[in-house]
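Colleague: Next come a sequence and a model predicted from it.
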Amino acid sequence: MLVWLFIGLIALLVLPPVWTLLRSSFSERLPDGTEFFTLNNYALLLSEGRFFTSAFNSIVFSLASTLVSLFLGGAVAWLVERTDVPFKRLAWFTTIVSLGTPFILYVTAWSYILGRAGPLNDIYRFVTGSSETLFEVNTLSGMIVIEGFIWAPLAFLLLSATFRAANAEMEEAARMSGATVIQTIMRISLKLAFPAILAFSLFAFILNLEAFEVPALIGMPGRVNVLTTDVYQAVKEMPPRVGFASAFSVVMLFIISALLYFYGRISRYAERFATITGKGYRPRPIALGRARWAFSAIILLNFAVTLLLPLIAMIWMSVMPYVQPMRLHALSFATLQNFGTVLTSRYYLSLVTTTLIVAAVSATVTMIITLLAGWLAARRAPGGQAIDQLVVIPLIFPGVVLGVALLEVALRLPFPLYGTMWLIVLAFIIHYMPFGMRYTYAGVLQIHPELEQAARVSGARGWSILSRILVPLLAPALASGWLFIFLLASKEMSLPLLLAGPSSQTISVAMFDLWGNGQIGEVAALGLLWAVLMTLFGVAFFVISRRQTSMTFGV
Amino acid sequence: MKFMHNLVVVAGLLAATMTAKAEDQALIDAAKAEGQVVWYSGLIVRQVVTPIKEAFEKKYGITVNSVSMASQEAALRILNEGRANNIQGDVFDGTAPLSAAMEAGLVGQYVPQEAADYPAELKDPNGYWTGQIVQVTSPAINTGLVSAADAPKTFEDLLDPKWKGKMAWSSSEEIAGPPGFIGNVLSYMGEEKGMAYLEKLSQQQIANVPSNMRVVLDQGIAGQYPLVLSILNYHAAISAAQGAPVEWLKLESSVFTFGTVQMLKNAPHPNAAKLFLEFLLSDEGQQVIADAGYIPASPRVKAKDPTLKPEEGKFAVTVISSETFAENKDKWVGIYRKLFK
């Protein structure tokens, strides 16, 4: 009974926007507001002359960026969780800071670093004496690299939760039977983590397939078109053609359902991979021996590309009165004025509070919902399948489409939600449910049902199984998920831009305002200070959750 | 006789001011009763929105609830509010959301007294909108990468092979973006020659930067594109004053347009909205615009750099108002999409 109520709740969150999406994908609005039925939006999607080139580019872009994130984030996650590699703290620090760094700043920093007048091409010209460029950022490779770096922290967070909870006995057995570290990784660690890796890959692939910002900001100027480029254009038109964007989302809904169907088949035998069983359980790191310094290069590489390089670029931008090439003589222009402006402004201070409340409430509620959802789905409880399908639906919404759908919903509600921060919270919960679900679902899959069965035999009921068995064992996954959503929500731009009211403006709205008005130095300063604040939060949170985890797992 | 004439004019003006004052008091009282005004703004918050908000609140004791948003979001919100019959905003600025709101019949009418002496082309006779910022769009070069001798001086110069792949403009389909540039070329050269020119220009592989004119200019300053087409000349001047290597160019003809401000039909606080429009267009409001480095629309308030205006800067322009644009939008945007995307 409770399960069905829960399904009803999720449906209530997810389905109204879907309904709006479907309706707007099949309708065209005249300027005076009247609507009529049309298939035009779908016809336009296919009639696009370059459809096949765009589709091909989309697949290459999504696949390659997924691999970049997977390799970087996944390798680092395994090293940090399962071995005695040095610089573990640095890996966590890198992830937290880069997740706390506003997206717009990150893309700006990377397009500067790889741009024609950026340091990479500068160095090339200096070394070779040529006046050409080594690398053009506005290409498919430029897009792949930047998008890949953006989601590497997600790969790290998702997979580190998996690796941490993996039973080390099997790796140890392999090592004792004479397997090398590489063999152990290939034949034990990767296979055990297979469902989680697959889940991440699929998830990242979908995110990349739907990405708007990098294809638009990096690809469009170089005329590299992907499927979302046209949709982005349609949304930017005046008035925005939301119907066209919605049609795209509906098509995506089908593609994602197909992908999930196959994913479901693969992970059907997920129990095989369950490694947290009732037996003695104590993960122990693998000793890499002298190779540990060689492996640390991967951690350092990850640190350099996801944090250090963009950070240097951001600091450079924040102390310069305008964006210019990195030259020694330019240092005479350096000023801390931008930081002063940000720190002394009452305006920014008021935004910080709202942003923190919105992000924390969204992350908490999302994790509570997806804890239940992930458990029911992973245990194939009655209705579990339906829950899995429902929770993943919000993945198909581009931010603008979800925003417009919620605008419509909120304006028609009998109580005043429009323009309050709770509307943004609602949007974030819907938007981030699939993210939370990836953490909890993968987490539950690793816990052998025998633990719950034992509890049930001993007389425990649903609620106490959940709170006394699952939650403590899932703590690492829950904590990573919470932190991830908190950090993403606090910098997400498209939803607050559309939904904020006079008293619910968030920090990202301010950043967009500055960026669009040429105050790049001030955006950089604000973004850096924001990243510092987020890092403090992240580190504090991390320390606390680590302590909790150690108590459960006895490490 | 001359003296008499002047006297009559002065007396007339005095009478006008006095009636205005009397009306103002009624308006102020009604606005105060409403207590607040909701302003959807795309203007820069710290430099423009906050000073105006604080000054207005101090002067009238009426709260300004400003919501900062880009033009696309402003349009989406206004259209949605209109469709739900639940208008929440009172005043909004920006030409792009204006066109969307006009089409949907959501713009309110009010002729601000403060704009009585504004040039006729800067205001709508029916009071749907009033210009508050004059905008001149032109190309600009990165002076660190392009010498004065190499800088294009005519439209023809833009066809030089050395610019191939080196130019950028915004992909925004608005007056200040490529459609305005196209309109300017067609009106300056005439249809036939203009089209032939645009065909040739399209071979130059101009990068479409999916953002606004300011961001395009920033990419020019950063050195990504040494030559950017169609940016706002005051942005170039603001950056140049900070030491950035940028200079805007006067070709044969530049685009002259303006950012508008207007109120919503069925605004929940109509009197506060009217009073706020008056304030934005008054010397006080316009001074804030001028201080930020923009060109105020009011003839009574001087721009920081007067040479940004055609008369003082001595350059030729094509005037493109919201209406001209609405009439030609399909054609110009069509040319842009066909040739340049």
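Modeller: Here it is on my side, so go on.
Colleague: What residue in the stretch 201-341 of chain B comes nearest to chain A?
Modeller: residue B:223 (2.7 Å; CB to the nearest CB). (Glycine included, C-beta is placed from N, CA and C.)
Colleague: How about the secondary structure of the residue most central in space within chain B?
Modeller: Closest to where the C-alpha atoms of chain B average out (CA atoms, centre = their mean) is residue B:259, at 2.2 Å. Classification of residue B:259 by DSSP: H, G, I helix; E, B strand; the rest coil places it in strand.
Colleague: same question, the one 3 residues further on
Modeller: At residue B:262, secondary structure determined by three-state DSSP is strand.
Colleague: how deep is it tucked in, by neighbour count?
Modeller: 28 (other CB atoms under 10 Å in any protein chain shown).
Colleague: Okay, whichever residue of the stretch 451-555 of chain A sits closest to chain B and residue A:420: tell me how far apart.
Modeller: Using CB to the nearest CB, residue A:502 is the residue of the stretch 451-555 of chain A that sits closest to chain B, at 3.4 Å. Using CB to CB, to the nearest Å, residue A:502 is found at 10 Å from residue A:420.
Colleague: Enumerate the residues of the stretch 101-250 of chain A near chain B.
Modeller: A:111-112, A:115-117, A:138, A:216-217, A:220-223, A:232-233, A:235-240, A:242 (CB under 8 Å from any CB of the partner chain).
Colleague: Can you list phi and psi of the residue of chain A most remote from its centre for me?
Modeller: Residue farthest from the centre of chain A, counting by CA atoms, centre = their mean, is residue A:129 at 40.7 Å. With angles defined as degrees, to the nearest 10, residue A:129 sits at phi 70, psi 0.
Colleague: any idea how far it lies from residue A:115?
Modeller: Distance from residue A:129 to residue A:115, counting by CB to CB: 20 Å.
Colleague: Next, the closest residue to the residue of the stretch 201-341 of chain B closest to chain A other than its chain neighbours: phi, psi?
Modeller: Nearest residue to residue B:223, sequence neighbours excluded (CB to CB, 6 or more residues apart in numbering or on different chains): residue A:117, at 2.7 Å. Dihedral pair for residue A:117: phi -100, psi 10, per degrees, to the nearest 10.
Colleague: coming back round to it: kindly give a single ChimeraX line that selects the buried subset of the residues of the stretch 101-250 of chain A next to chain B.
Modeller: Burial among these is assessed by 16 or more other CB atoms under 10 Å in any protein chain shown; the matching ChimeraX selection reads:
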select /A:111,112,115,116,117,138,216,217,220,221,222,232,233,235,236,237,238,239,240,242
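Colleague: For burial, what's the neighbour tally of residue B:277?
Modeller: By other CB under 10 Å, 28 other residues sit near residue B:277.
Colleague: quick one, what contacts the closest residue to it other than its chain neighbours?
Modeller: Spatially, and ignoring its direct neighbours in sequence, residue B:277 is nearest to residue B:112 (4.9 Å; CB to CB, 6+ apart). Residue B:112 sits next to B:127, B:130, B:274, B:277, B:278, B:281 when contact means CB atoms under 8 Å, 6 or more residues apart in numbering or on different chains.
Colleague: and the gap between residue B:112 and residue A:251?
Modeller: For residue B:112 relative to residue A:251 (CB to CB), the value is 48 Å.
Colleague: Same check on residue A:151?
Modeller: 22 Å.
Colleague: These two: who's more crowded?
Modeller: Taking neighbours as other CB under 10 Å, residue A:151 and residue A:251 compare with residue A:151 leading, 24 against 16.
Colleague: Please settle this for me: is the more buried one part of a helix?
Modeller: Yes - looking at residue A:151 with three-state DSSP, it is inside a helix.
Colleague: residue contacts, the closest residue in space to it that isn't next to it in sequence?
Modeller: For residue A:151, ignoring the flanking residues on the chain, the nearest one in space by CB to CB, 6+ apart is residue A:69 at 4.0 Å. By CB under 8 Å, 6+ apart, the contact set of residue A:69 is A:148, A:149, A:150, A:151, A:152, A:154, A:155, A:204.
Colleague: following whichever strand or helix holds residue A:69, which helix or strand shows up next?
Modeller: Using DSSP states H and E, the secondary-structure element containing residue A:69 is helix A:51-69. Where DSSP H and E defines the elements, the next helix or strand beyond helix A:51-69 is helix A:75-82.
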